[in-house]
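Asker: Structure, please.
(chains A and B)
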Amino acid sequence: MAADVMAPARPTKAERPRKQRTFEQTNRRLRWMMLAPALLFVAAMIIFPLLYTLDLSFTDAFGAVNAPSKHVGWQNFADALGDTRRFWPAAGRTAVFTIGAVVLETVFGLAVAMLLRKPFRGQRWFRTVLLIPLLTTPVAIGILWLLILDPTNGIANHLLTQVGIPRQEFLGSVGQSLPTLMLIDVWQWTPMMTLLLLAGLSTLPEEPEEAALVDGATGWQRFRLVILPMLLPTLGTALVLRAVDALKTFDLLYAAKGPGGGSDFEAETLNVYAYGLTFDYQEYGLAAAVLVLFTLFIIGVVVLLRRSGKESAA
Amino acid sequence: MSAPTTAPTTAPAPAAAPPVDPVLARRLRRARTGKVLKAVAIVVVMLVFLLPMVWMFAAAFKTNVQVTDPSVGLWFKPTLENFRSVLEAGTLLRSMGNSVLIGVVSTLLSALLAVPAAWAVGRFDMRRTGSLVLIARIVPAVSLLVPWYYLFARAGLVGSYTVLILSHMFAAVPLILWIMTGFFAGLPVELEEAARTDGLSAFGAFWRISLPLAAPGTATACLLAFVFSWNNFMFSLVFADENTQTVPVTLYNFISYASTDWGGLMAAATLITVPVLLAAVLGQKYLVAGLTSGATKG
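Answerer: The predicted model follows:
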């Protein structure tokens, strides 16, 4: 990583005018001086801590922060990977939560973006409304939905019974907690998907669609065969951004279900599990091992999504 | 607000001549129903995102009896009792002060680091180096919290403003860098070149030409960074003590000891949401641009 930082900048692009090349060369020192403080700050906050976590994952660190600990080899990893009571269910919940939420957010986000694509009166207000769930404190959103979805006194059940649907437990039951939290996440983050896709849609050329219109293509055909292929790069970027954040969801889950994800760990994802191991149980060694596995998993997902994104875009 | 689209967007059919062609007539009819359906859909989607928030604000003005009675809708006699009790308790006011302090300081320091860096990345096409900073977005924050906690605990800093500002900066620097890189890349390089021909140094060209031009973008990035700091829960949950608590943590603590006081909870949630809402309404255009910058460039 450090080598990458210090590597000389890539040669200037051929299409750049000659004048700018000299401009760049004279500024080589300056650009590093401008960039270095930010890079150093982020690196100091990430690289050293990550190495520390890696080291910690091979120790039996437990309890007070300066309690003595010794290296135990791969024991923590074996413990984590052999734990079918909390680790694997948490990993499964992380996957279910992420895939479910991101798929729904993509579908709804795309639908709403298509709806808003052409200008209409009040569009400015609509975009403001979209910003509200995005910018609201996730803890407040968690509490708000606890009130709305309260099994006995919530408005949601009141409305459901009005139309003849039986009362639901929502966050009050082991079985429904995770799907409910997923839907809250969908409510909060679909606007982000919509805004990203709207930005992508606004950059697309109009000619291909007009040509398709002249050729008599239906709306659905125009969407599927003309717009969607052009939108794929944006869709890919948005998907990666959203997937990474969904994998790491913490605030909402913790605010709505508390430590351990509630009774029977019903809403415990890897993130909540690792947090609990660290700050509730102070099992630093095991927590570090879980986090190393989790980080590797996220990096794997990002690489995979990026690669498949590039392939489908090509 | 809910009016159908004004611009004739589809089939350019002549309005004066009545369509004889049955195919064309069917198309026109379909276009008209399509418009109505679209207007209805827009209203429904808007309500889906708006109504839960409205419910929260309404609950903040209800008595606790009314909050837990779902048949009390949006028509009731509002009371300020919840706000009074929440503000009288004092914790919320203090944590709002803490959040403002931590948000402002961490945002300004982050801008100081990230804006020049963004200029370097955006102006000289150092995307690969810049993307190093994106690691900060990928790594789960908990895996950094463990070593941070270790280090800061040994230094006796846990609970201090310093640690909270540092951890919030960690989130803000990549955010500002990300937004501003696109912004600087979008400024024409000719302006800086002209300034240099006129005798300004390279830094002078940045300082006197590009930075003032980037002021709106910087303001957006800082506003977003502040909002994210205001909302930040995990870092504050770990590093804050009762004196340095920020608003999300205070709100979270309310659940555990005041879970029956829904009115108070909603009043507190409303109080910490209102500043963010104001930001959203006032900076709508810029915030959307900031949030989505970079997404379309892959």
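Asker: the longest helix in chain B is where?
Answerer: helix B:22-60 (DSSP state H).
Asker: in chain B, which helix or strand is least confident?
Answerer: Every helix and strand in chain B was compared by mean pLDDT, DSSP states H and E; the lowest is helix B:127-132, with a mean of 70.
Asker: From the contact counts, what lies against the helix or strand just after that helix?
Answerer: Per DSSP states H and E, the first helix or strand lying C-terminal to helix B:127-132 is helix B:135-138. Contact here means 3 or more C-beta pairs under 8 Å, 6 or more residues apart in numbering or on different chains; DSSP states H and E; on that basis helix B:135-138 packs against helix A:28-56, helix A:284-313, helix B:161-186. In this view, the C-beta of every residue, glycine as well, is placed from N, C-alpha and C.
Asker: out of those, deepest packed?
Answerer: Among the helices and strands packed on helix B:135-138, helix B:161-186 has the highest mean neighbour count (mean count of other C-beta atoms under 10 Å in any protein chain shown), at a mean of 23.
Asker: Run a quick neighbour tally on residue 269.
Answerer: No chain in the question, so chain A it is. By other C-beta atoms under 10 Å in any protein chain shown, 30 other residues sit near A:T269.
Asker: you looked at the wrong chain, it should be chain B
Answerer: With neighbours defined by other C-beta under 10 Å, the count for B:A269 comes to 28.
Asker: cool, and A:R121?
Answerer: Using other C-beta under 10 Å: A:R121 sits among 14 other residues.
Asker: For it, give its distance to B:I42.
Answerer: The gap separating A:R121 from B:I42 is 10 Å, by C-beta to C-beta, to the nearest Å.
Asker: And B:L287, by the same measure?
Answerer: Distance of B:L287 to B:I42, computed by C-beta to C-beta: 21 Å.
Asker: do the same with B:T244
Answerer: Distance, B:T244 to B:I42, by C-beta to C-beta: 44 Å.
Asker: Could I get the contacting residues of the most centrally placed residue in chain A?
Answerer: The C-alpha lying nearest the average C-alpha coordinate of chain A belongs to A:D245 (C-alpha atoms, centre = their mean; 1.6 Å). A:D245 sits next to A:W189 when contact means C-beta atoms under 8 Å, 6 or more residues apart in numbering or on different chains.
Asker: what ranges do the helices span in the stretch 51-200 of chain A?
Answerer: For the stretch 51-200 of chain A, helices defined by DSSP state H, counting those that start in this stretch occupy the ranges A:75-81, A:87-116, A:123-135, A:138-148, A:155-162, A:177-202.
Asker: Buried residues, stretch A:64-83. List them.
Answerer: Using 16 or more other C-beta atoms under 10 Å in any protein chain shown as the test for burial, stretch A:64-83 gives A:75-77, A:79-80, A:83.
Asker: Also within reach of chain B: list those from those.
Answerer: Under the cut-off given by C-beta under 8 Å from any C-beta of the partner chain, chain B has nothing from the buried residues of stretch A:64-83 close to it.
Asker: Write out the residues of the stretch 201-314 of chain A neighbouring chain B.
Answerer: By C-beta under 8 Å from any C-beta, the part of the stretch 201-314 of chain A that sits against chain B consists of A:203, A:213, A:219, A:233-234, A:236-238, A:241, A:244, A:247-248, A:250-251, A:254-255, A:271, A:274-275, A:278-279, A:284, A:287-288, A:291-292, A:294-295, A:298-299, A:302.
Asker: and the helices and strands packed on helix B:135-138 as TSV, adding mean pLDDT and distance to B:F49?
Answerer: Formatted as TSV, the helices and strands packed on helix B:135-138 follow (pLDDT from 0 to 100; distance: least, C-beta to C-beta, whole Å):
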stretch	mean pLDDT	distance to B:F49
helix A:28-56	86	34
helix A:284-313	82	27
helix B:161-186	89	23
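Asker: Tabulate the ones you listed (CSV), appending distance to B:L74.
Answerer: Formatted as CSV, the helices and strands packed on helix B:135-138 follow (distance: least, C-beta to C-beta, whole Å):
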stretch, distance to B:L74
helix A:28-56, 46
helix A:284-313, 42
helix B:161-186, 36
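Asker: For B:V227, give me the pLDDT.
Answerer: Per-residue pLDDT puts B:V227 at 92.
Asker: same question, B:V20
Answerer: 66.
Asker: give me the low-pLDDT residue ranges for the stretch 51-200 of chain B?
Answerer: Residue ranges of the stretch 51-200 of chain B with pLDDT under 70: B:127, B:130-131, B:133.
Asker: residue contacts, A:G258?
Answerer: A:G258 neighbours (C-beta under 8 Å, 6+ apart): none.
Asker: Tell me how far stretch A:275-293 lies from the chain's centre.
Answerer: 21 Å (C-alpha atoms, centre = their mean, to the nearest Å).
Asker: Find the nearest non-adjacent residue to the residue in the stretch 201-314 of chain A that chain B sits nearest to, please.
Answerer: Using C-beta to the nearest C-beta, the closest approach of the stretch 201-314 of chain A to chain B is made by A:L291 at 3.8 Å. Of all residues not flanking A:L291 in the chain, B:S143 sits nearest, at 3.8 Å (C-beta to C-beta, 6 or more residues apart in numbering or on different chains).
Asker: I figured the one you found was touching A:L51, is that so?
Answerer: No. In this structure, B:S143 is not within contact of A:L51 by C-beta atoms under 8 Å, at 11.3 Å.
Asker: Now do the same contact list for B:F235.
Answerer: By C-beta under 8 Å, 6+ apart, the contact set of B:F235 is B:141, B:145, B:164, B:167-168, B:170-171.
Asker: if you go through the stretch 151-298 of chain B in chain order, where are the helices?
Answerer: For the stretch 151-298 of chain B, the helices defined by DSSP H, counting those that start in this stretch occupy B:161-186, B:189-197, B:202-205, B:211-213, B:215-231, B:234-239, B:247-257, B:262-282, B:284-292.
Asker: List the contacts of residue 81.
Answerer: Went with chain A since none was named. Contacts of A:L81 by C-beta under 8 Å, 6+ apart are A:87, A:293.
Asker: my question was about chain B
Answerer: Going by C-beta under 8 Å, 6+ apart, B:E81 touches B:63, B:263.
Asker: Can you tell me how far it is from B:T244?
Answerer: To B:T244, B:E81 is 29 Å away according to C-beta to C-beta.
Asker: and B:I102, how many residues sit next to it?
Answerer: For B:I102, the count of nearby residues is 25 (other C-beta under 10 Å).
Asker: Spell out which helix or strand contains it, please.
Answerer: According to DSSP H and E, B:I102 maps onto helix B:91-123.
Asker: what angle separates that helix from helix A:28-56?
Answerer: Angle, helix B:91-123 to helix A:28-56, by axes from the mean of the first three to the mean of the last three C-alpha atoms, to 10 degrees: 130 degrees.
Asker: how far is helix B:91-123 from where the chain is centred?
Answerer: How far helix B:91-123 lies from its chain's middle: 14 Å, per C-alpha atoms, centre = their mean.
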